[in-house]
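Novice: Sequence first, predicted model second:
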Amino acid sequence: MVPREIFEEREVQTLSKLAMRSIDSQGRAKPLQPCPLRTCYQRDRDRIIHSKAFRRLVNKTQVFLSPEGDHYRNRLTHTIEVSQISRIIARALALNEDLAEAIALGHDLGHTPFGHVGEEAINEIFQELKAGGADNLPDGFNHNEQSLRVIDILEYGGKGLNLTWEVRDGILHHTGEKDPRTLEGRIVKISDRIAYINHDIDDAVRAGILKTDDIDKESIELFGRYSGVRINAMVCNLVEYSRDKNTISMSPDLMKAMHELREFLFARVYRGSAAKSENEKAKNVLKSLYFLFLDKPELLPEEFRTEESGTRVVRICDYIAGMTDRYAIKMYEEHFVPKVWMV
């Protein structure tokens, strides 16, 4: 037996009956010769890690735009934290840890620069274009749908990463009303929320926007005062409540408390706080670049140019969404900020 077959047999022998086993995968859009060393989900994980979109996450905002301190989270550190939490839960429930890890590592590949502000900017652009009479536009921009577009179309020189059905499903449905089909995908969906609630509180305290004592006493009693303690409490409760069930959830009282903690963050950090003071400037950067490329498509990199006007709005969106924060600012300065006259 080659190592992959040993791993596949080990999954059959050791994983829960509720787990998604590699040998039961629905496969890839384009058939691929199996790797002798890795299962299909281990291979997907590696394809994501070696992608350009994954490397760009290091310079994309999580919540705080271009923070001065070195300890604030960015989109890459958020992704790693989601992956770590997902793997712990999957392992404790005897589900497929490799599948959960691959979904977690790929879930935010389609995120815009400047965090959710970039997502809002592109949606406002579409609304402006529709108000101006443009048709055949996308209904809207969502980072999870763009993540799927990155792995299916944009990566690997336009060939896509050709990932398995289960990883694609988990990435697409890691947010929104519809749940992933696999339990491993549902683990990533709730791990994403556990990660950002706790690290965004941590970063907001670091930035002086929140004090730990601002969190209500009931939440502190249930989850603890500090980030690591809270994550551990949430994960332990989730594992205990989900064991041998065809669902992934914390107990109702802790789910309610986590939801209230999330609402607290929206009220105190995500909306109208000092952390959001530069949002309109960030939106202006992306909108200015978008309409510049719409008027002058010759400025786009060759791989994003198209003669079809209906497709052009999407290709510009692909280019803008793929930018890092610093690249977007560099492009804005290059095209809109006067250069110093050198004598």
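Specialist: Sure, I can see it.
Novice: hey, let's count contacts and neighbours off CA atoms from now on
Specialist: Fine.
Novice: which one is residue 99 nearest to, not counting chain neighbours?
Specialist: Nearest residue to residue 99, sequence neighbours excluded (Cα to Cα, 6 or more residues apart in numbering): residue 41, at 5.2 Å.
Novice: That neighbour against residue 98, yeah?
Specialist: Yes - between residue 41 and residue 98 there is a contact under Cα atoms under 8 Å: 5.7 Å.
Novice: Pretty sure residue 114 sits in a strand.
Specialist: No - assessed with DSSP: H, G, I helix; E, B strand; the rest coil, residue 114 is coil; it does not lie in a strand.
Novice: what's the spacing between the nearest residue to it once chain neighbours are set aside and residue 279?
Specialist: Nearest residue to residue 114 in three dimensions, chain neighbours excluded: residue 61, at 4.9 Å (Cα to Cα, 6+ apart). Residue 61 sits 12 Å away from residue 279, going by Cα to Cα, to the nearest Å.
Novice: ok so, going back, surely the residue nearest to residue 114 meets residue 325?
Specialist: Yes - assessed by Cα under 8 Å, residue 61 is found in contact with residue 325 at 6.9 Å.
Novice: List the residues that are in contact with both of these two.
Specialist: Residues touching both residue 61 and residue 325 by Cα atoms under 8 Å, 6 or more residues apart in numbering: 113-114.
Novice: who's more crowded, those two?
Specialist: Under the criterion of other Cα atoms under 10 Å, the comparison of residue 61 against residue 325 puts residue 61 first, with 27 against 24.
Novice: helix/strand/coil for residue 137?
Specialist: Applying three-state DSSP: residue 137 is coil.
Novice: so what's it up against?
Specialist: Going by Cα under 8 Å, 6+ apart, residue 137 touches 126, 130, 310, 313-314.
Novice: For those, give me a markdown table that also has distance to residue 136, pLDDT and neighbour count.
Specialist: Converted to a markdown table, those look like this (distance: Cα to Cα, whole Å; pLDDT from 0 to 100; neighbours: other Cα atoms under 10 Å):
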| residue | distance to residue 136 | pLDDT | neighbour count |
| --- | --- | --- | --- |
| 126 | 11 | 93 | 21 |
| 130 | 9 | 90 | 13 |
| 310 | 6 | 65 | 14 |
| 313 | 9 | 89 | 22 |
| 314 | 10 | 91 | 16 |
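Novice: and the two most separated of the residues you listed?
Specialist: By the measure Cα to Cα, 130 and 314 form the most distant pair in the contacts of residue 137, at 13.7 Å.
Novice: which stretches of this structure have low pLDDT?
Specialist: 66-68, 309-310, 343 (pLDDT under 70).
Novice: quick one, phi psi at the residue nearest to residue 99?
Specialist: Note on residue 41: backbone dihedrals following degrees, to the nearest 10 are phi -80, psi -30.
Novice: How much space separates it from residue 79?
Specialist: Applying Cα to Cα, the value for residue 41 to residue 79 is 17 Å.
Novice: what do you get for residue 134?
Specialist: From residue 134 across to residue 79, the span is 36 Å (Cα to Cα).
Novice: before we move on, what about residue 240?
Specialist: Taking Cα to Cα as the measure, residue 240 falls 24 Å from residue 79.
Novice: Which one's more surrounded, the two?
Specialist: Ranked by neighbour count (other Cα under 10 Å), residue 240 and residue 79 place residue 79 first, with 24 against 14.
Novice: any idea what sits nearest the residue nearest the centre of the chain, other than its immediate chain neighbours?
Specialist: What sits nearest the mean C-alpha location of the chain, by Cα atoms, centre = their mean, is residue 108, with 1.9 Å. Spatially, and ignoring its direct neighbours in sequence, residue 108 is nearest to residue 147 (6.1 Å; Cα to Cα, 6+ apart).
Novice: Spit out the contact partners of the one you found.
Specialist: 106-111, 171-172.
Novice: one more time with 7 Å
Specialist: With contact taken as Cα atoms under 7 Å, 6 or more residues apart in numbering, residue 147 is in contact with 107-110.
Novice: Equivalent analysis for residue 90, please.
Specialist: 96-97, 100, 184.
Novice: next one: residue 63
Specialist: residue 115 are the contacts of residue 63 under Cα under 7 Å, 6+ apart.
Novice: just residue 114 next, same as before
Specialist: Contact partners of residue 114, counting by Cα under 7 Å, 6+ apart, are 60-61, 65, 282, 325.
Novice: Quick one: these as TSV, columns for secondary structure and distance to residue 335 too.
Specialist: Below are those laid out as TSV (DSSP: H, G, I helix; E, B strand; the rest coil; distance: Cα to Cα, whole Å):
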residue	secondary structure	distance to residue 335
60	coil	21
61	strand	22
65	coil	21
282	helix	15
325	helix	16
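Novice: Find the pair from those with maximum spatial separation.
Specialist: Using Cα to Cα, these span at most 12.3 Å, a distance reached by 60 and 282.
Novice: Looking at the contacts of residue 137, spot the one nearest residue 303.
Specialist: residue 314 (12.7 Å).
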